[in-house]
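S.K.: fold the following.
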Amino acid sequence: MKPHLYQLVLTFCFVFQFHASAAVHYVNLNNPSPASPYTSWHTAATKIQNAIDAANSGDQILVTNGVYQSGGRVVYGSVTNRVALYKSVTVQSVNGPALTVIQGNPNIGTNAVRCVYITNNAMLVGFTLTNGATMDSTALDSAHDCYGGGAWCESTNSFLTNCVLAANSAQNSGGGVLSGTLNNCSLDANTNEAAYGSVLNNCTFVSNNGFGADTCILNDCVISNNNNSGAYNSTLNNCRILNNMAGDGAGAYFCTLSNCFLSGNVAGNGGAGGGALECTLNNCTLSGNSAPWGGGAWGSTLNNCLVVGNTAHNHYLGTGPSSVGGGVGGCTANNCTIVFNTAVQPDSPWTATISFYGGGAAESALNNCIVQFNSESPSYYVYNANNYNYYLGTTTNCCTSPLLDGGTGNFTSDPLLVNTSGSDFHLQSNSPCINSGNNADVTSTMDLDGNPRIVGGTVDIGAYEYQTPVSKISYAWLDQYGLPITTNIDTADLDGTGFNVYQDWVAGLNPTNALSVLAMLAPAPTNNPVGLVVSWQSVSGITYFLQSGTNLAAQPAFSTIQSNIVGQTGTTTYTDTTATNSGPYFYRVGVQ
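M.R.: This is a model prediction of the structure:
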């Protein structure tokens, strides 16, 4: 029996090795003697589909130069695919997309031919896909028939690499491609979205009609000169979004963007969001965008962003248009630098019903922001006289001018940027913006440069964090009291109160005035309600906590009885309703 067992094992190993070795099949459009299974150039198929049919999963198909525009295969519904990668094979050109073309039929309707279908774990490498199309709604047998004119991918586990998708169209979505993962591809002049539901890495989008990308994930991509928004409902990382045009949201609409650059995008008459509309932008730069409402962004949240040189400009020629928010409008901006933006008079003759205001920001919530050097033009028609930086909204811990009524932590000093004429908007070493923000409004661990967002304990104002501060104290606060910015200023007790300058800053005290102290006053009994009224010298805008104890020898001697007490100007009081007998009671107050 042993010889038979030995022979069986050998046979099994041979069969396993045979199937483990992937075959290579060849395609040459002009081969005079094709012969299946097309395993040499001499016997190469003349149609790509024939080689796929002869291949097994895992095989490779090499295709030489030519325009492949005949044959086809239906996979779903009724639409024909010029090439159907219905097996997990790799189809690769020999000389790249410039010389190897898969061409569909651009006539939308019953004669439409899509370029390729790609199943899971299949890959197409080095082709131009052009003139692919899908059926129109009157010819539908399946929902698949009207998506993905250039390529219809089963999922993002279908792959296109080093491909050009040009001049394709779809009745619904994905004129260039539906789904799939695309690497180093170009999507040019497609109609009804270049890509829908795809993952795209290091790809370019140029001159597409409809959204450039819809419901996609884009990494390291360039999206330029598209009509009707560069990206919609997508996530973009490290992308450049340039010179796109749309009625609204020309650069990006309803997207999340991180570390992106948006420039030259234009929203049309009456539109909003030249760079971005209803987006979340993290560590992005918006420069040279324009729209009637929100030249840089409208209705968006911006974190650690630079917004520079954008314009609110309405080209409407009738009556009643507005140019609102040259930099941002209707936005929430945290730690942003908003500078040199403009709200411009509309082109039509100016009347009382035509307004332009908020050169930097309009109707926005601004936190830890630099909002300076913005303008409204021409100056003799400004709606928002003497305040070009913002219109309405709120400012908290901002460097801007003039101060907004009701805003806290704001100051009007020059932010002392490194070189505004040279577009260097980092902070100088003595900038009042250093350590002058509010940590509660910090949304990221990194600034616009990718450096730590908080250095020295308190966030700086603006998009860039100064990395080597010599003091932990707000430089604007030090400047307010004429104090030097030195390494030993934090520990100096200038007024002899026992509080050093750093402690005075935290407590909101005047470091040069011995009468400005955090001091407890004598408690006073009350019968309505029964207890003790505890009082202390306080500052408006400072939040306190109150602790009590009855035995100073106990460990711990004090426990917190109330936190988040908002300080009042002069004196703050709290009634301790637990102090109902003769005591003793001991109290201390601290700053949160």
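
S.K.: helix/strand/coil for the residue nearest in space to the middle of the chain?
M.R.: The residue lying closest to the centre of the chain (C-alpha atoms, centre = their mean) is L257, at 1.8 Å. Look at L257: counting by DSSP: H, G, I helix; E, B strand; the rest coil, its state is strand.

S.K.: helix or strand for Q503, which one?
M.R.: Per DSSP states H and E, Q503 falls inside helix 501-507.

S.K.: ok so, going back, quick check: bridge partners of the residue nearest to the centre of the chain?
M.R.: Legend: beta-bridge partners of L257 under DSSP bridges are L236, L281.

S.K.: residues contacting it?
M.R.: With contact set as C-beta atoms under 8 Å, 6 or more residues apart in numbering, L257 has these partners: T235, L236, N237, C239, I241, A276, C279, T280, L281, N282, C284. Using the backbone N, CA and C atoms, a C-beta is placed for each residue, glycine as well.

S.K.: so which of these is surrounded by the most neighbours?
M.R.: Among those, A276 has the most neighbours (other C-beta atoms under 10 Å), with 40 neighbours.

S.K.: so for stretch 548-556, mean pLDDT?
M.R.: For stretch 548-556, mean pLDDT rounds to 95.

S.K.: ok, residues contacting that stretch?
M.R.: Here stretch 548-556 makes contact (C-beta under 8 Å, 6+ apart) with A557, F558, S559, I561, D576, T578, A579, G583, P584, Y585, F586, Y587.

S.K.: of the residues you listed, buried ones?
M.R.: F558, I561, D576, A579, Y585, Y587 (16 or more other C-beta atoms under 10 Å).

S.K.: could I get these as CSV with secondary structure?
M.R.: Output for these, formatted as CSV (three-state DSSP):
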residue, secondary structure
F558, coil
I561, strand
D576, strand
A579, coil
Y585, coil
Y587, strand
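
S.K.: tell me the domain boundaries of this structure?
M.R.: Listed by automatic domain parsing, the domain ranges of the chain are 77-227, 229-473, 524-591.

S.K.: and those domains: which comes nearest G496?
M.R.: Closest to G496 of these is domain 524-591 (C-beta to C-beta; 16.5 Å).

S.K.: endpoints of the closest one, how far apart?
M.R.: 22 Å (C-alpha to C-alpha, to the nearest Å).

S.K.: quick check: S229 touching N244?
M.R.: Yes: look at S229 against N244 with C-beta atoms under 8 Å: they come within range, at 6.5 Å.

S.K.: could you tell me which residues touch both of these two?
M.R.: Shared contacts of S229 and N244, counting by C-beta under 8 Å, 6+ apart, come down to G212, A250, G251.

S.K.: excluding sequence neighbours, find me the nearest residue to the last one.
M.R.: Pointing back at G251 there. N265 (3.7 Å; C-beta to C-beta, 6 or more residues apart in numbering).

S.K.: thinking again about what came up before, just flag the most distant two among the buried ones among the contacts of stretch 548-556.
M.R.: The most widely separated members of these are F558 and A579, with 14.0 Å between them, by C-beta to C-beta.

S.K.: dump the contacts of stretch 548-556 to CSV, plus distance to Q467.
M.R.: Formatted as CSV, the contacts of stretch 548-556 follow (distance: C-beta to C-beta, whole Å):
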residue, distance to Q467
A557, 41
F558, 39
S559, 40
I561, 41
D576, 46
T578, 48
A579, 49
G583, 52
P584, 51
Y585, 48
F586, 44
Y587, 42
